[in-house]
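1. build me a model from this:
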Amino acid sequence: MSAIYSENGTHRQNILNAERTRQAAVVAGATQASVNAAELAFYRSCLSSAIANNCGATDFIMALKALGVNA
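-> Below is the predicted model:
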């Protein structure tokens, strides 16, 4: 499970939901492309939530950049 935490309850719930979706996609036998897509979707969802809930977005932007995506 993700170790990301926020004091904002809505953002925290959005992160939890995104993590559940990510974990459902990253299963034994998943292709690298599937895992990458799940990671991208997770961080994009977290970034969107951070922006919508006025929370820090820097970590999510950096994670997307590390995955080769300009946020």
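
2. so where do the helices sit in the protein?
-> If DSSP state H is used as the criterion, the helices of the chain fall at 9-25, 32-52, 58-66.

3. now these in CSV, with mean pLDDT?
-> CSV is the format used below for the helices of the chain (pLDDT from 0 to 100):
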stretch, mean pLDDT
helix 9-25, 94
helix 32-52, 96
helix 58-66, 95
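
4. kindly reformat these as CSV containing mean neighbour count.
-> (Each C-beta comes from the backbone N, C-alpha and C, glycine too.) As requested, these are exported to CSV (neighbours: other C-beta atoms under 10 Å):
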stretch, mean neighbour count
helix 9-25, 15
helix 32-52, 16
helix 58-66, 15
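
5. show me what contacts residue 39?
-> 22, 26, 67 (C-beta atoms under 8 Å, 6 or more residues apart in numbering).

6. which residues touch residue 67?
-> Counted by C-beta under 8 Å, 6+ apart, residue 67 has contacts 36, 39-40, 43.

7. how about JSON lines for those residues, with distance to residue 7 added?
-> Formatted as JSON lines, these follow (distance: C-beta to C-beta, whole Å):
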{"residue": "36", "distance to residue 7": "30"}
{"residue": "39", "distance to residue 7": "25"}
{"residue": "40", "distance to residue 7": "26"}
{"residue": "43", "distance to residue 7": "20"}
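
8. what values do phi and psi take at the residue lying farthest from the centre of the chain?
-> Most distant from the centre of the chain: residue 29, at 21.1 Å, with distances by C-alpha atoms, centre = their mean. Here is the backbone geometry of residue 29 (degrees, to the nearest 10): phi 90, psi 0.

9. check what pLDDT it gets.
-> pLDDT, residue 29: 93.

10. tell me who's in contact with residue 60.
-> Counting by C-beta under 8 Å, 6+ apart, residue 60 has contacts 43, 46-47, 50, 71.

11. any idea which of those residues is closest to residue 4?
-> residue 46 (7.0 Å; C-beta to C-beta).

12. isn't the closest one up against residue 18?
-> Yes - using C-beta atoms under 8 Å, residue 46 is in contact with residue 18, at 5.7 Å.
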